[in-house]
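A.B. asks: Next input, structure requested:
(chains A and B)
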Amino acid sequence: GAGVSQSPSNKVTEKGKDVELRCDPISGHTALYWYRQSLGQGLEFLIYFQGNSAPDKSGLPSDRFSAERTGGSVSTLTIQRTQQEDSAVYLCASSGGLYTDTQYFGPGTRLTVL
Amino acid sequence: QKEVEQDPGPLSVPEGAIVSLNCTYSNSAFQYFMWYRQYSRKGPELLMYTYSSGNKEDGRFTAQVDKSSKYISLFIRDSQPSDSATYLCAMRGASNYQLIWGAGTKLIIKP
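C.D. replies: Next up, the predicted model:
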């Protein structure tokens, strides 16, 4: 079946611009995660959606970052007024439930802020 | 100090060698331990999953957890060039769904 897809695969933007990153999770998966991966760093948790519950936004680094998940499926991560330190790979993952440790990752969006 | 420490490498070994990858952690509440493999420009994929202490074997891969030492290992036997990737450890406590990730070790298997 289809895995997790993300778009765009690459995004180059200028400092100060807003960007939107999209994630299409595996159909039927109730849990969706966004992570950030900088060069040589582990995965940094950003936000978590589980079903209809309020999202866990505890990992968002600043109020420039926001995310939504529409209809319990597609998710969009928005970064406003991008900064050079936002340059990283943004990974989306989905899983079957709250304590399901098998997370299925998309290929990521590589964001470069000039 | 990070909750999970992992040597970023790179670790370069010849084909056929036994590889040992390791993570140490500080939180004694961690009970679920995972190893993910990440190929270049791809997302991570789950490789091994272990609950609590002990060993788990799957083909050429063995995951080992030593909770008394707060140390986990992944062994790869008869390593192949196709095993070249970054290996990330991840773990969590029983009541916390959020995974805590190591930085990943880049492994290079030389033909």
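
A.B. asks: Give me the contact list for stretch B:22-36.
C.D. replies: A:101, B:1, B:3-7, B:21, B:44-52, B:61, B:63, B:65, B:67, B:70-74, B:87-94, B:96, B:99-100, B:102 (CB atoms under 8 Å, 6 or more residues apart in numbering or on different chains). (C-beta placed from N, C-alpha, C; glycine too.)

A.B. asks: Any of the residues you listed buried? List them.
C.D. replies: Buried subset of those (neighbour count, 16 or more other CB atoms under 10 Å in any protein chain shown): A:101, B:4, B:6, B:21, B:44, B:46-50, B:61, B:63, B:65, B:70, B:72-74, B:87-92, B:99-100, B:102.

A.B. asks: Now, the contacts of stretch B:22-36 that are in strands?
C.D. replies: When the contacts of stretch B:22-36 are checked against strands (DSSP state E), the matches are B:4-5, B:21, B:45-51, B:61, B:63, B:65, B:71-74, B:87-93, B:100.

A.B. asks: Most proximal residue of chain B with respect to chain A?
C.D. replies: B:Gly43 (2.8 Å; CB to the nearest CB).

A.B. asks: how about that residue, what does it touch?
C.D. replies: A:Val4, A:Leu91, A:Ala93, A:Phe105, A:Gly106, A:Pro107, A:Gly108.

A.B. asks: measure B:Leu107 to B:Tyr32 for me?
C.D. replies: 23 Å (CB to CB, to the nearest Å).

A.B. asks: brain fart, B:Thr50
C.D. replies: The gap separating B:Thr50 from B:Tyr32 is 8 Å, by CB to CB.

A.B. asks: Show me which residues of chain A sit near chain B.
C.D. replies: A:4, A:40-43, A:45, A:48, A:50, A:56, A:91, A:93, A:98-99, A:101-108, A:110 (CB under 8 Å from any CB of the partner chain).

A.B. asks: can you redo the contacts of B:Gly43 as JSON lines with pLDDT and secondary structure?
C.D. replies: Formatted as JSON lines, those follow (pLDDT from 0 to 100; DSSP: H, G, I helix; E, B strand; the rest coil):
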{"residue": "A:Val4", "pLDDT": "96", "secondary structure": "coil"}
{"residue": "A:Leu91", "pLDDT": "97", "secondary structure": "strand"}
{"residue": "A:Ala93", "pLDDT": "95", "secondary structure": "strand"}
{"residue": "A:Phe105", "pLDDT": "95", "secondary structure": "strand"}
{"residue": "A:Gly106", "pLDDT": "96", "secondary structure": "coil"}
{"residue": "A:Pro107", "pLDDT": "95", "secondary structure": "coil"}
{"residue": "A:Gly108", "pLDDT": "96", "secondary structure": "coil"}
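
A.B. asks: between these, which is nearest chain B?
C.D. replies: Taking CB to the nearest CB as the measure, chain B sits nearest to A:Phe105 out of the contacts of B:Gly43, at 2.8 Å.
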